[in-house]
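Peer 1: Build me a model:
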Amino acid sequence: MVSEDPLRRRLLGLLRRHGWNATSFQVVELELRYWFDPEDDAAVAYYDTGFAWVVAGAPIASIDRCAEVTRRFADEARRRRKRIVFFAIEPRFLNSVPMRSLAIGEQPSWDPRLWTERHRGHRGLKEQLRRARAKGVAVERIASEDAIGAMRPQLERIITRWLAARAMPPMSFLVAIQPFLFAEERRYYAGWVAGELVGLLVAVPVYGRNGWSSRTSCAIRARRMAPASC
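Peer 2: As a prediction, the model looks like this:
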């Protein structure tokens, strides 16, 4: 099993200590290679394009070691005659490792404890909540691995239908959906209408911020229910 891969288990241990980027959990997923620092307290996950190593986020390291780990990884890339580029990094990394950068997007974040207060008067949200209640939408957390395993065929069907309507971008190795890898680390939420599964959200941990990130959030049309936008 992929989850039992010793390299990914080793990386997961480093993530629990140093994973800070919103996208950091993606490094345990498939298609990536790993470079481990000689001091064994840091790692870099990257994709080999043939001409370059594209790094998935910042190094998995303490912030005070990011500059040194990046330098060592760059030295290894030069020895292999590879260019390097870091994709999906955050300002914290650039503040410690000065590099040329290009902003291509922003990562939204919010504190769910303030959600009701902050959006109480938002007309669009109130209307969506009203529609959901009127259609009998119910959301529940799938809390156990046994329950996830039992529901997996249903979950895979809804993911397949959702993906079929969306083309994967060129950087698919960084955005591919692999929602059952290290299932014990994730949180699963299912949306139901009259006993029919119509939506799924999978959240992964951002250990260094005591938070969660979601790249898997999908819904299908059911009884005139509008699909979620992701």
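
Peer 1: which element follows the helix or strand of the chain at the bottom of the mean pLDDT ranking toward the C-terminus?
Peer 2: Taking mean pLDDT, DSSP states H and E as the measure, the chain has helix 172-175 as its least confident helix or strand, at a mean of 60. Where DSSP states H and E defines the elements, the next helix or strand beyond helix 172-175 is strand 187-193.

Peer 1: so how far is the longest helix along the chain from its chain's centroid?
Peer 2: Counting residues, the longest helix found in the chain (DSSP state H) is helix 145-164. Remark: helix 145-164 is offset 17 Å from the chain centroid, using C-alpha atoms, centre = their mean, to the nearest Å.

Peer 1: And stretch 27-43, by the same measure?
Peer 2: Distance, centroid of stretch 27-43 to centroid of chain: 17 Å (C-alpha atoms, centre = their mean).

Peer 1: now stretch 48-56
Peer 2: 19 Å.

Peer 1: buried sites along that stretch?
Peer 2: Buried residues in stretch 48-56, counted by 16 or more other C-beta atoms under 10 Å: 53, 54, 55, 56. The C-beta positions use only the backbone N, C-alpha and C, and glycine is treated the same way.

Peer 1: isn't the third one right next to residue 45, touching?
Peer 2: To tie it back to what came earlier, the one meant is residue 55. Yes. Checked against C-beta atoms under 8 Å, the pair residue 55 and residue 45 is within contact range at 6.9 Å.

Peer 1: what are the ranges of the helices in this structure?
Peer 2: Using DSSP H, helices in the chain cover 6-18, 66-79, 91-96, 115-119, 123-134, 145-164, 172-175.

Peer 1: With residue 181 as the reference, name the closest of those helices.
Peer 2: Nearest of the helices of the chain to residue 181, taken as C-beta to C-beta: helix 6-18 at 8.3 Å.

Peer 1: With pLDDT as new columns, can the buried residues of stretch 48-56 be given to me in CSV?
Peer 2: Putting those into CSV (pLDDT from 0 to 100) gives the following:
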residue, pLDDT
53, 96
54, 93
55, 94
56, 91
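
Peer 1: any idea which of those residues is closest to residue 178?
Peer 2: When the buried residues of stretch 48-56 are compared against residue 178 (criterion: C-beta to C-beta), the nearest one is residue 56, at 13.0 Å.
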